[in-house]
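Visitor: Model the following, please.
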Amino acid sequence: MSGDTARTDEELLARYVDASLPRGPREDAFTALVDRFQRRVFAVCLRTLNGDVADAEDATQEVFVRLARSAATFRGDAKLSTWLYAVARNVATDRVRHEARRPATPVADVADVAGFDAATEDHHAAAETAGDVATALAQLDDTSRTLLLLVAVEGLSYAEAAAASDLAVGTVKSRVSRARVRLGELLADVDADGPRPSGPTADTDHGGLDAGRGPSPRGPPLAGT
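Guide: Predicted structure coming up:
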């Protein structure tokens with residue numbers, strides 16, 4: 001599979017649909033495409049879905065399923081990356097329309113945004129901190145919240161977040177910087193209120209997505225099988 005990393009996107013797609021090749025090399029070609037694009041496709045979905053990680057993960061899976069189904073008919077009128085990002089926006093937009101609701105702000109791994117070290121705190125404190133950060137994140141505007149999650153939680157570089165968001169790199173840097181400052185101010189206000197009574201804690205399920213990683217789509221069946 002090492003040779004696939006040097007191939008262009010279109011060359012990888014051509015290998016995937018080449019029925020004369022054995023199954024292994026074809027699957028390797030598709031896996032290389034997934035590895036190359038999944039973080040950016042996820043970022044596009046996340047932005048369109050206003051930061052809902054679970055929905056963005058599902059949308060990302062669907063994008064690559066559509067790629068597998070459409071690979072044989074891809075005409076190359078546009079770059080494969082352009083096609084993928086357009087499909088990602090369409091898939092995510094369809095999910096918003098069908099659900100007819102505002103996606104909830106994800107709370108898992110949000111402690112990372114605030115620099116929280118779970119290893120030094122007990123489980124109850126960790127849950128409280130995640131809940132506080134989630135509440136603070138919800139007070140940010142949609143763009144700033146999503147950019148902050150992309151960079152601080154999902155591990156995208158400023159350039160990757162900019163490409164996925166159709167924004168300039170400088171704009172992303174300034175928005176993330178201001179979001180961090182505002183988040184810190186909101187959390188400082190929570191700390192100033194003093195300890196809270198014990199009670200149910202926030203749900204911190206992240207849908208199986210680890211910080212610094214995008215979703216991990218499973219390779220769909222080979223085209224034509």
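
Visitor: how many other residues sit next to A71?
Guide: 21 (other Cβ atoms under 10 Å). Bear in mind the C-beta positions are built from the backbone N, C-alpha and C, glycine included.

Visitor: what's the distance between it and G3?
Guide: Distance, A71 to G3, using Cβ to Cβ, to the nearest Å: 19 Å.

Visitor: so what's A164 up against?
Guide: A164 makes contact with R40, A43, V44, R47, Y85, L150, L156, according to Cβ atoms under 8 Å, 6 or more residues apart in numbering.

Visitor: one more time with 6 Å, if that's ok
Guide: Residues in contact with A164 (Cβ atoms under 6 Å, 6 or more residues apart in numbering) are R40, A43, V44.

Visitor: Verify the stated contact: L186 with A138.
Guide: No - contact status for L186 versus A138: not in contact, 9.7 Å apart, counting by Cβ atoms under 6 Å.

Visitor: Quick check: closest non-adjacent residue to L156.
Guide: Leaving aside its chain neighbours, L156 sits nearest to L150 (4.7 Å; criterion: Cβ to Cβ, 6 or more residues apart in numbering).

Visitor: and the one you found, how many neighbours?
Guide: For L150, the neighbour count with other Cβ under 10 Å is 28.

Visitor: So it sits against A159, correct?
Guide: No - using Cβ under 6 Å as the test, L150 is too far from A159 to be in contact (11.4 Å).
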